[in-house]
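[1] fold the following for me, if possible:
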Amino acid sequence: MEREIRTRFAPSPTGHLHIGNARTAILNWLFARHGGGSFLVRIEDTDQERSTAASEEMILEDLRWLGLEWDEGPGVEGPFGPYRQSERQELYARHIAGLLENGRVYPCYCTAEELDLRRQERLERGESTNYDGRCRSLTHEQKQRHEREGRRPVIRFRSDETRDVAFTDLVRGDVLFPGSNIGDFVIARQNGIPMYNFCCVVDDHLMRITHVLRGDDHVSNTPRQVLLYEAFGWETPLFGHSPMILGNNRERLSKRHGATSVSQYREAGYLPQALVNFLSLLSWSSESGDEILPPDRLVSEFTVDRLSKSAAVFDTVKLTWMNGLYIRNLDANTLGGLLRPFLRSAPAADLSVERMETIARLLQERLETLADIDEKAAFLFADRPRPESDEAAAMLGEPDAQRVIRELLTISGNADSWHAERFPELMKQVQAATGVKGKMLWMPVRIALTGMMHGPDLASTFGFLGRDRCRLRLEAALAGP
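    Numbers count the residues shown, from 1 in each chain. Here you go, the predicted model:
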């Protein structure tokens, strides 16, 4: 009987959630959801100097914002917790003691200075720079002498340089590491805190992780982890390593390429659905060939065999295009609520649910990000929108334009109501009274009210601005610059 699929995302809380790590979380979440399995979050906070509770909360909040809810982890306790490595130290100590007892690991008392000196000597002789095994066979008396000298040992894994380590990667295929390149690696520091590779193996086994999908910067860790699984006599999970995400210069994505954390894209007005869609396509492609794939389709169509072996370039232009498509597919009420925090130039009276829904309808087609709204909507709240170009300003000065604006002021002053539905009728009356029609009828009014020659629906804009704002703008257009 096949085991339940169990994947995990294991961030270190030492900063914001990086885009590359978010991609890793997305892949594990999709794989678990597609297979009807479980997705876990584990906090790897053994770096005591850099790990912070604030960073952990930011990472968890970003995961929630992306929609990557977890089945077990912080706040969702399950049978295999705790889910913070800092709370699992006693468990690690017991497993290290077991390896010490059966001789698979040993204490190493070499100082950092001694290690550096011997490594340099081996390098000069053209030999391997792996640890030379000086402490592999210390007697009990030698260990006691080192202890009396005040030396505190690290714990090293006893590897076999003659034995190569091979595994089948879900992305890269068959991978082989020569044993001569591995050496006796450290599994616990002098202060007793275990190293990443050791904690990772113990946690993944005890949490019954079946598949580990991660970036290919972890490939070099895998042979050490495979050796630890074997030393414990445990079944090894299946590994899949996706290529790193590159910037547009095909170098590893970094701050010089722009925003690199999920929170930065959130603050810039990107939608979580768009970001998840975009990041999933940096490693994977749908058999359908479609690129716009909301979460439900991503889950239903995701298969690990379509993970790419090639590095993907983070194309901000494409992400922004995709985000615009998602914005235009939102209903106006939902979009209005999302836009409110980004609309900093609006008076409080214009931030009601009803007003925000109208703003969303007016400008939805013109937005690529939520943050665009502050600039795109500025004309709605300005005392007098300035004509966007010399051509627009010149058109306001045309005799026919002046007649149209003057007549609209006269007619609207007598209007019983001032709503978008009333606007077409008012303009028909203006046309009948002035004889002006076509471009010279509509364009001057648009420029007077919005400053633009082309823009959102004019009737809706007219209704949103209301009687007083419209009359002030029309009067200003008559008065000239």
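[2] so which residue is smack in the middle of this structure?
    Here the mean C-alpha position of the chain is nearest to the C-alpha of Val262 (C-alpha atoms, centre = their mean), at a distance of 3.5 Å.
[3] isn't it right next to His16, touching?
    Yes. Applying C-beta atoms under 8 Å, one finds Val262 in contact with His16, separated by 7.0 Å. Where you see a C-beta, it was placed from the backbone N, CA and C, and this is true even at glycine.
[4] anything in contact with each of the two?
    Residues touching both Val262 and His16 by C-beta atoms under 8 Å, 6 or more residues apart in numbering: Asp62.
[5] what does stretch 117-135 contact?
    Outside stretch 117-135, the residues that touch it by C-beta under 8 Å, 6+ apart are 106-110, 115, 153, 156, 161, 180-185.
[6] buried residues in stretch 279-288, which are they?
    Residues of stretch 279-288 classed as buried by neighbour count (16 or more other C-beta atoms under 10 Å): 279-284, 286.
[7] now, which of these lie within helices?
    The members of the buried residues of stretch 279-288 that map onto helices under DSSP state H are 279-280.
[8] from the buried residues of stretch 279-288, which is closest to Pro295?
    Comparing the buried residues of stretch 279-288 against Pro295 with C-beta to C-beta picks out Ser280 as the nearest, at 9.3 Å.
[9] next, the contact list for that closest one, please.
    The contact partners of Ser280, taken as C-beta under 8 Å, 6+ apart, are 23, 26-27, 30, 293, 298, 302.
[10] reformat these as TSV; add distance to Leu408 and pLDDT.
    Formatted as TSV, the contacts of Ser280 follow (distance: C-beta to C-beta, whole Å; pLDDT from 0 to 100):
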residue	distance to Leu408	pLDDT
Arg23	54	96
Ile26	53	98
Leu27	58	97
Leu30	56	98
Leu293	48	96
Leu298	51	97
Phe302	56	96
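[11] relative to Phe314, which of those residues is nearest.
    When those are ranked by distance to Phe314 (C-beta to C-beta), Arg23 comes first, at 9.6 Å.
[12] for the closest one, helix, strand, or coil?
    Under the three-state scheme (DSSP: H, G, I helix; E, B strand; the rest coil), Arg23 adopts helix.
[13] make residue 1 into 19 and carry on from there
    Okay, using 19 as the starting number, the last item reads as Arg41.
[14] can you name the residues that contact it?
    If you count contacts by C-beta under 8 Å, 6+ apart, then Arg41 has 233, 260, 263, 297-298, 300-301 around it.
[15] what's next to stretch 87-106, contact-wise?
    Looking at stretch 87-106 with C-beta under 8 Å, 6+ apart, the contacting residues turn out to be 27, 50, 56-64, 66, 69, 74, 78, 81, 217, 220-221, 224-226.
[16] where exactly do the strands run in the stretch 219-368 of the chain?
    Secondary structure of the stretch 219-368 of the chain (DSSP state E, counting those that start in this stretch): strands at 229-233, 256-260, 263-264, 330-331.
[17] starting at the chain centroid, how far to the last one?
    Here strand 330-331 is found 15 Å from its chain centre; the criterion is C-alpha atoms, centre = their mean, to the nearest Å.
[18] packing partners of that strand?
    strand 263-264 (3 or more C-beta pairs under 8 Å, 6 or more residues apart in numbering; DSSP states H and E).
[19] let me see the mean pLDDT of the strand it packs on.
    Across strand 263-264, pLDDT averages out at 88.
[20] circling back to that earlier point, which two in the contacts of Ser298 are spaced the farthest apart?
    By the measure C-beta to C-beta, Arg41 and Leu311 form the most distant pair in those, at 14.7 Å.
[21] for Tyr124, phi and psi?
    phi -150, psi 150 (degrees, to the nearest 10).
[22] who does it bridge with?
    On the basis of DSSP bridges, Tyr124 is bridged to Arg174.
[23] what count of nearby residues applies to it?
    Using other C-beta atoms under 10 Å, Tyr124 is surrounded by 20 other residues.
[24] surely it and Leu118 touch.
    Yes. Look at Tyr124 against Leu118 with C-beta under 8 Å: they come within range, at 7.4 Å.
[25] please save the CA atoms from the longest helix along the chain in CSV.
    Of all the segments assigned as helix in the chain under DSSP H, the longest by residue count is helix 476-497. Output of helix 476-497 as CSV, limited to C-alpha atoms (Å, rounded to 0.1, in the frame of the first residue of the first chain):
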residue,chain,number,x,y,z
LEU,A,476,-17.4,59.3,-18.6
ALA,A,477,-21.0,58.8,-17.3
SER,A,478,-19.7,56.8,-14.3
THR,A,479,-17.0,59.4,-13.6
PHE,A,480,-19.7,62.1,-13.8
GLY,A,481,-21.8,60.3,-11.2
PHE,A,482,-18.8,59.6,-8.9
LEU,A,483,-17.7,63.3,-8.9
GLY,A,484,-21.1,64.6,-8.1
ARG,A,485,-22.7,67.9,-8.8
ASP,A,486,-20.4,70.2,-6.9
ARG,A,487,-17.1,68.7,-8.1
CYS,A,488,-18.3,68.6,-11.7
ARG,A,489,-19.6,72.2,-11.7
LEU,A,490,-16.3,73.5,-10.2
ARG,A,491,-14.3,71.7,-12.9
LEU,A,492,-16.5,72.8,-15.7
GLU,A,493,-16.3,76.4,-14.5
ALA,A,494,-12.5,76.2,-14.2
ALA,A,495,-12.3,74.9,-17.8
LEU,A,496,-14.3,78.0,-18.9
ALA,A,497,-12.0,80.3,-17.0
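[26] before I go, just wanted to say thanks for your time.
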